[in-house]
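Visitor: sequence plus predicted model, see below.
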Amino acid sequence: MLIMKRTEIKLLFAESVEQLIGSDVVVKGWVRTKRGNKNVAFIALNDGSTINNIQVVVDLANFDEGLLRRVTTGACICVEGQLVKSQGAGQSVEIQAKNIVLYGEADPDSYPLQKKGHSMEFLREIGHLRPRTNTFGAVCRIRHHMAYAIHTFFHERGFFYFHTPLITASDCEGAGEMFQVTTLDMKNPPRLEDGSIDYSQDFFGKQTALTVSGQLEGELGATALGKIYTFGPTFRAENSNTPRHLAEFWMIEPEMAFYDIDDLTALEEEFIKYCVTWALDHCQDDLQFLNNMIDKGLLERLKSVVSTDFVRLPYTEGIRILEEAVKNGHKFEFPVYWGVDLASEHERYLVEEHFKKPVIMIDYPKEIKAFYMKQNDDGKTVQGTDVLFPQIGEIIGGSVREENYDKLMNSITERNIPMKDMWWYLDTRRYGTCPHAGFGLGFERLMLFVTGMANIRDVIPFPRTPKTAEF
């Protein structure tokens, strides 16, 4: 009967492990591989606490043959043994097994994660098991650290964590992109005289949907608390089957009273650098694995972002650079002209080929940006900001918000935005309005950059995409 306290495997690779060498330890985890000969077996055991496996050395003469036959790849076991310095290459310590308890078997004929290469597409089909792989274990641990870094960053700078609703009646982003929330009988919904659905009989008494952003409610928090941030799930009912889009994803959205465009871009740059630095400081083993196996340039790219100043680039100047590139023979799939909403290929050209560093683009044409962005004096552009990164393009979108009631109403009227349920938002411009700004960062876009993964479906545990809602 094992009564010793379990030791997490990551602690066996810490510098302080020297004091444990020669003593007995208990480890519990899942078998990654088992190999050996007629005298000894070598089990690579992992408990999820680290990318590194601990090697368990088993003297076959001391164990029941039937038990060891059931210890296969994927099985869950408990091992009691002596921690010793490793005799072989590849690990600093190993465990000489004294006792093994088999918690859960994994039939080698059906367990899908055998020791071989698996495609990302196949692993998405077994999303319930893929966190057990080295790659997705690393991604999940980094995802935790990035979430912790985000909360730490804002807390240390006096921001308040502000919870915005997931169910909303505001449809100013466009109802076609929103998932409806209803308790009505979809086979026989109540109807008005004109045949339309009578949402007054629905749970909330009106038409509601899952939120596409917490920004508007976040602005309410900023105009009372000064500096707030939201960090939670958001939803887009877009039929976008691309490596950069999800139907359910997480967003970080800070909103700050009394910030101007310079304050905003400075915060955006500081925030990104803080998160990347945190990853380099706290996720070295996982990043090294991903650098070796997924993206050979990952570590170099992360370090370069931390050590370089981001470019501030007016949209008009960016268009000039892109038009010059076209004149010099560069081929873009999509056309370049003043007023166009830049495509990812345009953004990546500016970042990866022209400047070779991250770019914060500012002063966009008002026609291609949201109604709430503050207009510049030229009457043509707004104080919007996009942070553009290598390999992924836009990673942050933000702006100074229009605090003037009349200007905001003019923008709403020009765009025919339905504001019947937005009186509360307009009240912030009627009662004690103030200059304020904010930005939004898609958490999974950040994860793409930090991990080097190519597809956004592979940086969230259970991706939600068109026609896919498994697990």
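Guide: That came in fine, so what should we check first? Everything numeric here is computed off the predicted structure, so don't read it as measured data.

Visitor: checking L350 next. Helix, strand or coil?
Guide: helix (DSSP: H, G, I helix; E, B strand; the rest coil).

Visitor: nearest residue to it in space, please, no chain neighbours.
Guide: V359 (5.3 Å; C-beta to C-beta, 6 or more residues apart in numbering). Heads up, the C-betas are built off the backbone N, CA and C, glycines and all.

Visitor: repeat for I197
Guide: Nearest one to I197, counting by C-beta to C-beta, 6+ apart, is P189 at 4.9 Å.

Visitor: and Q375, by the same measure?
Guide: That would be V382: by C-beta to C-beta, 6+ apart, it lies 5.4 Å from Q375.

Visitor: which secondary structure element contains the one you found?
Guide: Using DSSP states H and E, V382 falls within strand 381-389.

Visitor: so the helix or strand following that strand versus strand 381-389, what angle?
Guide: Using DSSP H and E, the helix or strand that follows strand 381-389 towards the C-terminus is strand 393-401. Counting by axes from the mean of the first three to the mean of the last three C-alpha atoms, to 10 degrees, strand 393-401 lies at 150 degrees to strand 381-389.

Visitor: now strand 393-401: buried residues?
Guide: G393, E394, I395, I396, G397, G398, S399, V400, R401 (16 or more other C-beta atoms under 10 Å).

Visitor: for that strand, packing partners?
Guide: If you count contacts as 3 or more C-beta pairs under 8 Å, 6 or more residues apart in numbering; DSSP states H and E, strand 393-401 packs onto helix 261-282, helix 344-348, strand 381-389, strand 436-442, helix 443-451.

Visitor: now for the ones you listed, which one comes closest to D198?
Guide: Comparing the helices and strands packed on strand 393-401 by their distance to D198 (C-beta to C-beta), the top pick is strand 436-442, with 34.5 Å.

Visitor: who's in contact with the closest one?
Guide: Defining contact as C-beta atoms under 8 Å, 6 or more residues apart in numbering, one finds that strand 436-442 is touched by 213, 215, 218-219, 222-223, 249-261, 263-264, 267-268, 271, 383, 385, 395-401, 403.

Visitor: one step back: what's the local residue count around the residue nearest to I197?
Guide: Residues lying near P189 (other C-beta atoms under 10 Å) number 14.

Visitor: the residue nearest to L350 contacts L313, correct?
Guide: Yes - under the criterion of C-beta atoms under 8 Å, V359 makes contact with L313 at 5.2 Å.

Visitor: can you check what angle separates the strand holding V382 from helix 443-451?
Guide: Going by the same axes, to 10 degrees, strand 381-389 makes 40 degrees with helix 443-451.

Visitor: average pLDDT for strand 381-389?
Guide: In this model, strand 381-389 has a mean pLDDT of 96.

Visitor: which strands or helices does that strand pack on?
Guide: The contact analysis (3+ C-beta pairs under 8 Å, 6+ apart) places strand 381-389 against helix 261-282, helix 344-348, strand 359-365, strand 393-401.

Visitor: ok now that strand, how far from the chain's centre?
Guide: Put simply, strand 381-389 sits 20 Å off its chain's centre (C-alpha atoms, centre = their mean, to the nearest Å).

Visitor: please identify the buried residues of that strand?
Guide: Buried, per 16+ other C-beta under 10 Å, within strand 381-389: T381, V382, Q383, G384, T385, D386, V387, L388, F389.

Visitor: for the stretch 51-200 of the chain, which spans come out with low pLDDT?
Guide: Along the stretch 51-200 of the chain, the model assigns pLDDT under 70 to residues 171-176.

Visitor: between V359 and L313, what contacts are shared?
Guide: Common neighbours of V359 and L313 are listed as L350 (criterion: C-beta under 8 Å, 6+ apart).
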